[in-house]
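> Sequence first, predicted model second:
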Amino acid sequence: MLPYLIRKAASCEAMETFKLTALTFSKDTQVAQVEDRRHTGMMSFMFVESHVSGGIASVYSVSEDMICEWAKKLAVEMFELCCGDIEDV
């Protein structure tokens with residue numbers, strides 16, 4: 001769909017000749033899925049941080065039962081970024 005949309009909305013000659021090859025997507029079934037919608041934001045953050053620090057292999061180790069621990073860690077990091085060392089308060 002996207003290649004057709006790009007060609008249709010093209011405003012220059014280069015985009016009008018955009019190749020119409022189909023894009024394919026696949027879902028990685030090894031990545032944890034969230035059962036509670038309220039946890040999706042935190043899980044996304046956990047996936048990004050895990051991927052940055054350890055690559056795709058570390059993303060596979062992320063699970064929903066880790067959310068509370070990571071949320072507390074994030075809250076402390078945000079507080080320290082804003083207000084300084086938490087032990088000084």
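Okay, I see it.
> check contacts around Thr24.
Neighbour list for Thr24: empty [criterion: C-beta atoms under 8 Å, 6 or more residues apart in numbering]. C-beta: built from backbone N, CA, C; applies to glycine.
> and the gap between Glu77 and Ser50?
Per C-beta to C-beta, to the nearest Å, Glu77 is found 15 Å from Ser50.
> can you give me the strands for the protein?
Using DSSP state E, the chain contains no strands.
> Tell me, please, where in it the pLDDT is lower than the cut-off.
1-4, 6-20, 23, 89 (pLDDT under 70).
> Where do the helices of it begin and end?
2-8, 13-16, 40-54, 56-59, 67-83 (DSSP state H).
> Of all the ones you listed, which one comes closest to Phe25?
Ranking the helices of the chain by proximity to Phe25 (C-beta to C-beta) places helix 2-8 first, at 10.7 Å.
> if we can go back for a sec, same list as before, the helices of the chain that is, but in a markdown table and with mean neighbour count and distance to Ala32 included.
Shown next, in a markdown table, are the helices of the chain (neighbours: other C-beta atoms under 10 Å; distance: least, C-beta to C-beta, whole Å):
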| stretch | mean neighbour count | distance to Ala32 |
| --- | --- | --- |
| helix 2-8 | 11 | 28 |
| helix 13-16 | 10 | 39 |
| helix 40-54 | 14 | 7 |
| helix 56-59 | 14 | 9 |
| helix 67-83 | 12 | 10 |
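> Which stretch among these approaches Thr29 most closely?
helix 56-59 (12.6 Å).
> what comes into contact with the closest one?
Helix 56-59 has contacts (C-beta under 8 Å, 6+ apart) with Val31, Phe47, Ser50, His51.
> nearest to Tyr60, of the residues you listed?
Tyr60 has its nearest neighbour among those in Val31, at 6.6 Å by C-beta to C-beta.
> From His51, how far out is the residue lying closest to that closest one once chain neighbours are set aside?
Spatial nearest neighbour of Val31, excluding adjacent residues (C-beta to C-beta, 6 or more residues apart in numbering): Val59 at 6.0 Å. For Val59, the distance to His51 (C-beta to C-beta) stands at 5 Å.
> what's Glu87 in contact with, if anything?
Not one residue lies near Glu87 by C-beta under 8 Å, 6+ apart.
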